[in-house]
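Participant: fold the following, please.
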Amino acid sequence: MIYLALDVGTTHTRVWLLKNQKVLACTRQPVGVRTTAITGDSSPLSRALRDAIRSLDRAARRPRFVLAAGMITSPQGLHEVPHVVAPAGRVALQERVRMKVFPALCPHPFFLVPGVRIHPAPAKLESIGRTDIIRGEESEIVGLQALGKLQGPCFFLHLGSHTKGIQIDSRDRIARSVTTLAGECLDVFRTQTILSDHLPRVAGVALNERFLRSGARLLHRYGLLRTLFMSRLLGENRGYTRSQLHSFLLGAIVASDLQALENSGFLRSGRQHILLSGHRQWQRAWGLILGRKNYQIKSISPRERDAAFLEGLRTIVFESRVFQRFARRGMLELIS
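Facilitator: Predicted coordinates for the structure are as follows:
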């Protein structure tokens with residue numbers, strides 16, 4: 001059984017070619033829904049997906065279908081699928097899977113996984129502090145559960161273009177979450193502000209713990225924007241490296257995110273289990289900041305994250321009614 005899997009994010013899109021559970025090939029495109037949000041035009045995303053799918057189509061026999069999750073189902077994506085309202089677990093997600101064909105991309109049917117919404121739509125001013133949305137992380141969480149690597153209750157922290165803090169309840173459901181724009185903001189600060197000439201553009205730069213903790217400490221006293229400008233002032237000192245200044249900036253952003261989580265009622269007990277996923281440097285920064293609070297922290301590697309996402313897609317889609325109806329029509333071989 002050969003098929004494709006998509007993870008459409010804010011800034012990047014990944015496409016896998018799979019045979020049963022084995023990855024045959026993978027491609028990554030530097031296009032996500034942020035481009036659509038900025039320009040109002042989804043055609044760059046469509047072209048990137050079409051090109052990626054066609055390149056993988058040539059790599060093996062023609063795939064039979066596509067599994068997709070993430071921002072592809074958002075209003076900025078290709079086809080909006082309404083969120084499932086929390087608390088939501090595997091069964092609730094399976095019930096809301098949708099099938100859609102995009103002839104401009106390929107002839108294969110797409111099976112689209114919904115995201116999860118915290119607090120009903122539309123958002124209201126009086127309840128905005130309790131409102132949040134998730135697209136993509138739900139598949140990773142279901143996959144981690146299926147692989148025996150996540151069990152509620154616990155706190156799942158995904159670190160990428162956005163920071164996603166997600167509470168998993170004792171029934172393994174997504175109960176609540178908080179999102180910030182941390183990753184996107186760091187990229188903007190580093191490339192499109194006066195801070196650019198003092199900060200490295202290499203994401204893999206080593207962290208300096210002293211400067212990281214100093215940025216976090218000063219955030220609590222002066223707030224985020226003042227602390228960010230302090231990194232500009234520190235840049236005047238030729239004795240400080242770009243790695244140190246980057247660590248200072250990262251510490252301030254992590255502390256700001258942690259403040260948002262704590263003010264939302266998360267991470268108030270040092271006995272909590274925390275699972276870190278996503279960007280490795282962000283994971284290290286969070287591990288250093290949270291380490292002094294005596295949390296029980298475990299990190300997920302990029303390979304484990306990919307495996308969990310793909311397993312989550314399969315678990316949600318293959319057990320959904322819409323996919324099983326599709327299979328019963330004789331268009332797929334029996335799934336064992």
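
Participant: hey, let's count contacts and neighbours off CA atoms from now on
Facilitator: Will do.

Participant: alpha carbons of the longest helix anywhere in the chain, in CSV - could you do that?
Facilitator: In the chain, assigned by DSSP state H, the helix with the most residues is helix 242-263. Output of helix 242-263 as CSV, limited to C-alpha atoms (Å, rounded to 0.1, in the frame of the first residue of the first chain):
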residue,chain,number,x,y,z
ARG,A,242,26.8,36.6,18.7
SER,A,243,26.1,33.2,20.4
GLN,A,244,25.9,34.9,23.8
LEU,A,245,23.5,37.6,22.4
HIS,A,246,21.4,35.1,20.7
SER,A,247,21.1,33.1,24.0
PHE,A,248,20.1,36.3,25.9
LEU,A,249,17.3,36.9,23.4
LEU,A,250,16.2,33.3,23.5
GLY,A,251,16.1,33.4,27.3
ALA,A,252,13.8,36.4,27.2
ILE,A,253,11.4,34.8,24.8
VAL,A,254,11.3,31.5,26.7
ALA,A,255,10.6,33.4,29.9
SER,A,256,7.8,35.3,28.3
ASP,A,257,6.2,32.1,27.1
LEU,A,258,6.7,30.5,30.5
GLN,A,259,4.9,33.5,32.1
ALA,A,260,2.0,33.0,29.7
LEU,A,261,1.7,29.3,30.6
GLU,A,262,1.9,30.0,34.3
ASN,A,263,-0.7,32.8,34.1
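
Participant: adjacent strands (with direction) for the next helix or strand after it?
Facilitator: Where DSSP states H and E defines the elements, the next helix or strand beyond helix 242-263 is strand 273-278. Its sheet considered, strand 273-278 pairs with strand 154-159 (parallel), strand 296-299 (parallel) by DSSP bridges.

Participant: quick one, which of these is nearest to F309?
Facilitator: Closest of the strands paired with strand 273-278 to F309 is strand 154-159, at 12.3 Å (criterion: Cα to Cα).

Participant: tell me the mean pLDDT over that closest one?
Facilitator: For strand 154-159, the mean pLDDT works out to 96.
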